[in-house]
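Novice: please work out how this folds:
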Amino acid sequence: MAAVRRLAGETIPIDVARRLALNAQGFADPPPSGRVDVRQIRRVVARVGVLQVDSVNVVCRSHYLPLFARLGAYSRATLDRMAWGRGERELFEHFWGHKASLLPMGAYPLLRWRMRVAEQQVWDAALDPELAVPWSVVAGMQRLSAERPGLVDEVLAVVTERGPVTAGEASPDGLRRKRTDPDPDPSTGRMWNWQDAKIAMEYLFCTGQVAIAGRRNFERLYDLTERVLPAAVLARPELDADEARRELVRISARSLGVATARELCGAGGGHFPLPTATAKRVIGELVETGELVPVRVEGVSQQSYLWSAAEDRPVRARALLSPFDTLIWNRDRTQRLFDFFYRISIYTPAAQRVHGYYVLPFLLGDRLVARVDLKADRRESALVVPTVTAEPGVPDGEIVEPLAAELELMARWLELDRVLIKAPGDLGRSLSQAV
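Specialist: Next up is the predicted model:
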């Protein structure tokens, strides 16, 4: 189906806006019928823009789940090789996107200007809010410049000689200690402790001198950037800041389909957050070129922008969504598009949780129809469902069979022997019978 043609100022019905978002995210495409290969993984990553990385491992690491939601069972080892393999990797990890994320290698040249000027912000925190160097790095480097002016060079020397290494191993005495030894002074920041080495390493990471080469038990391993990223990528010319910003907003717009300015590039909600004034200017430039079309979305008071090549095809999806999936990571947008109030509960005290601990929304067709609390019990080799809750107005009978099928597929993908339904109530009992 061809791209949707809309006039500036037109109002888009909410069900159409929802389909536009799902199409942009790849949910209108049927899952592969055979073995999933690198090309299909590459295509999904390009569509979603980024894969957010999170340490929570209740089901599996979050960056694996968006691919499963769109492709079904695939090899997680393939994604690992694309991101952290020894060969010609295709993804890189950074926080210059939406939090800590895996990004396509083609995005690296778009972020180099941020790395280049990040060094200035360490010494002038008010320089540019767009750079968003973590305050712990800014404050830490200002302290270290007075107390340990040579530490950054020493850490870089260790990386050069021994990389890839963890931040702790990169401290001058870190390599002489066992990895299981505690930090000699984890609270004061004095001496050559691991906290100081971590600050120095994060500074080198912000400025592009080192890159994340891999992970050991999910702890970052750092190495010189030229030993991590393909030479062809590093050889590409750096884009000027304005050109890079426009391309970053294009990536977000293609991934979202239709979105407000805040959803496109706002702090906390966009793929590549920009300050409000900068975002307004860049969006205006893309409106002038016709790449973004100003529209209204039914029920949304803010101005929305339609990606000019957005498609509106029927959506027959069936997917369990990670809390950090690009479709739903902006909770306000999720509520507007799907009438689905969603908050992650892992930081909520147990007595105050409503739907469970690690709750995944269940997408069926073009609606979010249920909330499924999940846990991978590897000792019992079971995918456990402590609770499951249908959305108001959604009959249990509409959910049971497709959800059972998705749970069984996920269990096999995670190499678990069974699905164990512990959820109480009629829906839980029906689901238990179905699996």
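Novice: state which helix of the protein is the longest.
Specialist: Across the chain, the longest stretch assigned as helix under DSSP state H is helix 396-413.
Novice: starting at the chain centroid, how far to that helix?
Specialist: What separates the centre of helix 396-413 from the centre of its chain is 25 Å, taken as CA atoms, centre = their mean, to the nearest Å.
Novice: got it, and stretch 56-75?
Specialist: Per CA atoms, centre = their mean, the displacement of stretch 56-75 from the mean C-alpha position of its chain is 12 Å.
Novice: state the mean pLDDT of it.
Specialist: If you average the pLDDT over stretch 56-75, you get 97.
Novice: CA atoms only: put the lowest-mean-pLDDT helix or strand in the chain into CSV for me.
Specialist: Each helix and strand of the chain was given a mean pLDDT (mean pLDDT, DSSP states H and E); the minimum falls on helix 135-147 at a mean of 78. Extracted in CSV, the C-alpha atoms of helix 135-147 (Å, rounded to 0.1, in the frame of the first residue of the first chain):
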residue,chain,number,x,y,z
TRP,A,135,26.1,15.2,35.8
SER,A,136,28.1,12.5,37.6
VAL,A,137,30.7,12.7,34.8
VAL,A,138,30.7,16.5,34.8
ALA,A,139,31.1,16.8,38.6
GLY,A,140,33.5,13.9,38.8
MET,A,141,35.8,15.2,36.1
GLN,A,142,35.9,18.7,37.6
ARG,A,143,37.0,17.0,40.9
LEU,A,144,39.5,14.7,39.3
SER,A,145,41.1,17.5,37.3
ALA,A,146,42.1,19.0,40.6
GLU,A,147,42.8,15.8,42.6
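Novice: output the contacting helices and strands for that helix.
Specialist: Judged by 3 or more CB pairs under 8 Å, 6 or more residues apart in numbering; DSSP states H and E, helix 135-147 is in contact with helix 108-123, helix 151-162, helix 194-206. C-beta coordinates here come from the backbone N, C-alpha and C atoms, glycine included.
Novice: so which bits of it are buried?
Specialist: For helix 135-147, the neighbour count (16 or more other CB atoms under 10 Å) marks V137, V138, G140, M141, L144 as buried.
Novice: closest one of the residues you listed to L71?
Specialist: The shortest gap between L71 and any of the buried residues of helix 135-147 belongs to V137, at 36.1 Å (CB to CB).
Novice: what's the most buried one of the helices and strands packed on helix 135-147?
Specialist: Most buried of these, by mean neighbour count (mean count of other CB atoms under 10 Å): helix 194-206, with a mean of 24.
Novice: show me what contacts the residue most central in space within the chain?
Specialist: Of all residues in the chain, the one closest to the mean position by CA atoms, centre = their mean is Q52, 1.6 Å from it. The contact partners of Q52, by CB atoms under 8 Å, 6 or more residues apart in numbering, come to S62, H63, H98, K99, A100, S101, F324, T326, W329.
Novice: what do you get if the cut-off is 6 Å, keeping everything else the same?
Specialist: For Q52, the contact set (CB atoms under 6 Å, 6 or more residues apart in numbering) comprises K99, S101, F324.
Novice: contacting residues around the last one?
Specialist: When the contact criterion is CB under 6 Å, 6+ apart, the partners of F324 are Q52, D54, S62.
Novice: what stretches of the stretch 201-350 of the chain score poorly on pLDDT?
Specialist: 268 (pLDDT under 70).
Novice: strands along that one, start to end?
Specialist: 210-216, 219-224, 258-260, 292-297, 304-307, 317-320 (DSSP state E, counting those that start in this stretch).
Novice: what's the farthest-apart pair in the buried residues of helix 135-147?
Specialist: Going by CB to CB, the pair spanning the buried residues of helix 135-147 furthest: V138 and L144, at 11.1 Å.
Novice: now the element after the longest helix of the chain, going C-ward?
Specialist: Sequence-wise, the next helix or strand downstream of helix 396-413 (DSSP states H and E) is strand 418-421.
Novice: packing partners of that next one?
Specialist: Secondary-structure packing of strand 418-421 (3 or more CB pairs under 6 Å, 6 or more residues apart in numbering; DSSP states H and E): strand 382-385, helix 396-413, helix 425-434.
Novice: out of the ones you listed, which is closest to R316?
Specialist: Short answer: helix 396-413, nearest of the helices and strands packed on strand 418-421 by CB to CB, at 10.3 Å.
Novice: may I have that closest one exported as PDB, CA atoms only?
Specialist: What follows is helix 396-413 as a C-alpha-only set of coordinates in PDB (Å, rounded to 0.1, in the frame of the first residue of the first chain):
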ATOM      1  CA  ASP A 396     -11.400 -13.600  27.800                       C
ATOM      2  CA  GLY A 397     -12.300 -15.800  24.800                       C
ATOM      3  CA  GLU A 398     -10.700 -13.300  22.500                       C
ATOM      4  CA  ILE A 399      -7.400 -13.500  24.400                       C
ATOM      5  CA  VAL A 400      -6.900 -17.100  25.500                       C
ATOM      6  CA  GLU A 401      -5.800 -18.900  22.300                       C
ATOM      7  CA  PRO A 402      -3.500 -16.200  20.800                       C
ATOM      8  CA  LEU A 403      -1.900 -15.500  24.200                       C
ATOM      9  CA  ALA A 404      -1.300 -19.200  24.900                       C
ATOM     10  CA  ALA A 405       0.300 -19.600  21.500                       C
ATOM     11  CA  GLU A 406       2.600 -16.600  22.100                       C
ATOM     12  CA  LEU A 407       3.600 -17.800  25.500                       C
ATOM     13  CA  GLU A 408       4.400 -21.200  24.200                       C
ATOM     14  CA  LEU A 409       6.500 -19.700  21.400                       C
ATOM     15  CA  MET A 410       8.300 -17.500  23.900                       C
ATOM     16  CA  ALA A 411       9.100 -20.400  26.200                       C
ATOM     17  CA  ARG A 412      10.600 -22.400  23.300                       C
ATOM     18  CA  TRP A 413      12.600 -19.300  22.200                       C
END
